[in-house]
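Visitor: My questions are about this predicted structure, shown below with the sequence.
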Amino acid sequence: MARRFVLKREETSQKAVELTIDYSGDLNPQQYAAATAGSGAHLVIAGAGTGKTRTLVYRVAYLVETGVSPDSILLLTFTRRASAEMLSRASVLLDGRCSLVRGGTFHSFCLSVLRRHSERIGYPTNFTILDSSDAADVVDVVRTAAGLHKGTKRFPRKKTLYSLFSTAANRSLSIPEVVESRYPQFFDFIEDISNLSDRYAEYKRRHVLMDYDDLMCQTIRLFDEHPDVRNAVSGQCRHVLVDEYQDTNRAQARLVEHFCSVYGNVTAVGDDAQSVYAFRGADSDNIFEFPDRYPDVRVLKLEQNYRSRQPILHLANKIITQATRRYDKVLFSDEKEGDLPALVAAPNDQFESRFVCQLIGQLREESVPLNRTAVLFRSGFNSYQLEIELNRRNIPFVKYGGVKLSEAAHVKDVIAHLKVLENPRDAAAWNRVLLLLEGIGPKTAQEIMEWVVSRDEDPFVLDDRPFSPRYVESLTALFAMLRSLFNATSSLENEVEQVLAYYEPILKSRYFEDYPKRLQDLEHFAGLAVQTSDRAEFLASLALDPIELTALEAEAADPDEPPLVLSTIHSAKGLEFDTVFIIQALEGILPSSYSLKDPDALDEELRLLYVAVTRAERNLFISYPMVQQRRFDGEYFARPSRFLEDIDESLLEPWSLVEEDAAPVEKQLAANNDRAQLPF
């Protein structure tokens, strides 16, 4: 084979090119420096709301306008939509040449490479791509063929196994490393899981299949084993631009190195302070290690914020200084004036929800539309109490991220038991309760249910009717628990506690992979039950569906006012709102209790708070209940998030909530803040 010499294209001198776009006039000085940077490696640390996308669009246009062939520019984004939007804007800004830039996701570009070169690693170019559902099914086929679906101990299910394999691929980790760090409950199966991973890989090779992760991993393998292919592909990538670099995983960071290995021209744009997707495989180390990967890198910053008022940015800047690792930057805005962000200490969950609802109503009267207001929280269950209060007040809302209370499978299981107590003829609830028992299938459940519903006397007494020994013991335990509650005069709190005590072994058996997290959901569910004494009222409030009922009703009644937004912080990243409420800002929630012993995880929790704060344009309210309810322990005093404890009142104004008919002295003390004087 002839020795190859890669001939680099000559840069066109900027002096010889008459630019048609006024880059210095259209961009601020920091954006201009990033958009017009020359050759080499560049890391652009783009703070929240600083015009990251605009800067990338102008950089694409600048490269094309200064003589770089559009088809030699590679723009990598995390969604096809983001890439298409940037290239469309660049085309409008300059001309149609920008549409010839090669843009897309890591996976789509890797697919184009493999379609041309996969035979070099033993794959025909017509291989089939498995989506995540199909891949999990293949894992199940291999698992069953290996006889691992049987056994006295619970072996991981297909979706858990596929997630485990995917984590190993994306993070460049071994199977034992992933099991030990993320699935310690399967430690005894490490050898079997490792063997199954090998069998899964072999099955894909034999049947000419690749899953989503293979598109990247096999491309890396192709480049590592065949440098000539890597040089050919990289030789076509004169400039590599990467969006949201803080969200890349280890495999993606390695691919970027390969793509720019010939010319060395790479521009990575991202914000270390917004790296919050570790659970998806993102590795914040990538953005911090970028200068080590590219020793001659220029680190540029975007710090002028076009979203938030300066008081909000002062708070965001202070919060992120607590991070153990960070790139120093200070967000600033031309909007200097505005109310201080508020830290609202509520007596309990109900007060917090009342505060949020009443202030949302007040702001709406001040012409802040519902859909320009967002309530953000760490996890889906943090908004359950608020959802009940919003429904009570007929305030329409939509919820993004997490699972609504009425949709969580394990919560629905518990609710079904309460429904049976409330209405022993509730066939749907009986069916769910009975199917939880080992040995009872749909047919048997239907027979037992019909027998129970047909009884006029005590429905929770088993007579002499014969039952299969496969399930008679568990059925007897179920009826004993229900009978004791049905015949007793007890509080809803006690009923829920007894149902949870009965259900917990079932929870651990059915949801072995993640039962600790589900158990935490049930802890919060029990806390809600404490606040209501009437079972029927409690069940009625849980039966409301805010998305399908209230939101659609709001659209039908007034199409010009879409509903209020409830969202997990993860789902709100990239969005912006006039007014933001951050609720349940408690130690153990934000930061999560799971992160407290892991410095890296704790840093990510801090970044989550930063992301939430920087969603707000004009108004920001952070609230927490001072008293919480815990199973077995009753009420206890809660601590606000450690991230907020040492922030000066000049940056975060403390608010207190008082009842409307409070004593004169209390009113006088609270009069310092008129907006906190809400009529509770």
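Guide: Done, it's in. Numbers count the residues shown, from 1 in each chain.
Visitor: Does residue 299 lie in a helix or a strand, and which?
Guide: Per DSSP states H and E: residue 299 is located in strand 298-302.
Visitor: Contacts for that strand next, please.
Guide: 30-31, 33-34, 37, 40-47, 50-52, 55, 291, 327, 329 (CB atoms under 8 Å, 6 or more residues apart in numbering). (Glycine included, C-beta is placed from N, CA and C.)
Visitor: Do I have it right that residue 306 meets residue 52?
Guide: No. Counting by CB atoms under 8 Å, residue 306 stays clear of residue 52, with 10.7 Å between them.
Visitor: which of the two has more neighbours?
Guide: residue 52 (21 against 14; other CB atoms under 10 Å).
Visitor: Tell me how far the nearest residue to the more buried one once chain neighbours are set aside lies from residue 657.
Guide: Distances taken as CB to CB, 6 or more residues apart in numbering put residue 46 closest to residue 52, at 3.9 Å, once the chain neighbours are dropped. Relative to residue 657, residue 46 is positioned 38 Å away (CB to CB, to the nearest Å).
Visitor: Then residue 476?
Guide: 50 Å.
Visitor: same question for the longest helix along the chain, mean pLDDT?
Guide: Longest helix in the chain, counting residues (DSSP state H): helix 492-510. Here helix 492-510 scores 89 as its mean pLDDT.
Visitor: C-terminal to that helix, what's the next element?
Guide: Helix 492-510 is succeeded, C-terminally, by helix 515-530 (DSSP H and E).
Visitor: Run through the chain and note the low-pLDDT ranges.
Guide: 1-17, 149-153, 402-407, 455-457, 463-466, 531, 540-561, 630-634, 661-680 (pLDDT under 70).
Visitor: Sheet partners, orientation included, of the longest strand along it?
Guide: Longest among the strand segments of the chain by residue count, using DSSP state E, is strand 616-625. Next to strand 616-625 in the sheet, as set by DSSP bridges, lie strand 342-346 (parallel), strand 577-582 (parallel).
Visitor: Just the buried positions in the helix or strand that it is followed by, please.
Guide: Sequence-wise, the next helix or strand downstream of strand 616-625 (DSSP H and E) is strand 627-630. If you call a residue buried by 16 or more other CB atoms under 10 Å, then strand 627-630 has these buried ones: 628, 629.
Visitor: list the helices and strands strand 627-630 packs on?
Guide: Counting contacts by 3 or more CB pairs under 8 Å, 6 or more residues apart in numbering; DSSP states H and E, strand 627-630 packs against helix 515-530, strand 634-637.
Visitor: If we use 7 Å, what do you get?
Guide: Packing partners of strand 627-630 (3 or more CB pairs under 7 Å, 6 or more residues apart in numbering; DSSP states H and E): strand 634-637.
Visitor: Next, find the distance separating residue 482 from residue 501.
Guide: Taken as CB to CB, the span from residue 482 to residue 501 is 13 Å.
Visitor: between those two, who's got more neighbours?
Guide: The residue with more neighbours, out of residue 482 and residue 501, is residue 482; 21 against 11, by other CB under 10 Å.
Visitor: Pull the number of nearby residues for the nearest residue to residue 225 once chain neighbours are set aside.
Guide: Computed as CB to CB, 6+ apart, the closest residue to residue 225 that is not its neighbour in sequence is residue 121, at 6.6 Å. For residue 121, the tally of surrounding residues (other CB under 10 Å) stands at 16.
Visitor: Tell me if I'm right that residue 121 and residue 219 touch.
Guide: No. Taking contacts as CB atoms under 7 Å, residue 121 lies outside contact range of residue 219: 9.3 Å.
Visitor: check contacts around residue 498.
Guide: Applying CB atoms under 7 Å, 6 or more residues apart in numbering to residue 498 gives the contacts 481, 485.
Visitor: Sketch out the helices for the stretch 351-500 of the chain, chain order is fine.
Guide: Secondary structure of the stretch 351-500 of the chain (DSSP state H, counting those that start in this stretch): helices at 384-392, 409-422, 427-434, 442-454, 472-486, 492-510.
Visitor: helices or strands up against the second one?
Guide: Contacts of helix 409-422 with other secondary structure elements, assessed using 3+ CB pairs under 7 Å, 6+ apart, are made with helix 427-434, helix 472-486, helix 492-510, helix 515-530, helix 535-543.
Visitor: ditto for the first one
Guide: Using 3+ CB pairs under 7 Å, 6+ apart as the contact test, the elements touching helix 384-392 are helix 349-365, helix 515-530.
Visitor: how about those helices in TSV, adding distance to residue 376 and mean neighbour count?
Guide: Shown next, in TSV, are these (distance: least, CB to CB, whole Å; neighbours: other CB atoms under 10 Å):
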stretch	distance to residue 376	mean neighbour count
helix 349-365	11	19
helix 515-530	17	19
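Visitor: sorry, back to before: the longest strand of the chain relative to helix 349-365, how many degrees between them?
Guide: Angle of strand 616-625 versus helix 349-365, following axes from the mean of the first three to the mean of the last three CA atoms, to 10 degrees, is 160 degrees.
Visitor: Distance from strand 616-625 to the middle of the chain?
Guide: The chain centroid and the centroid of strand 616-625 are separated by 20 Å, computed with CA atoms, centre = their mean, to the nearest Å.
Visitor: same question, stretch 382-390
Guide: 19 Å.
Visitor: so can I have CSV of the helices of the stretch 351-500 of the chain showing distance to residue 343?
Guide: Output for these, formatted as CSV (distance: least, CB to CB, whole Å):
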stretch, distance to residue 343
helix 384-392, 18
helix 409-422, 31
helix 427-434, 42
helix 442-454, 51
helix 472-486, 42
helix 492-510, 31
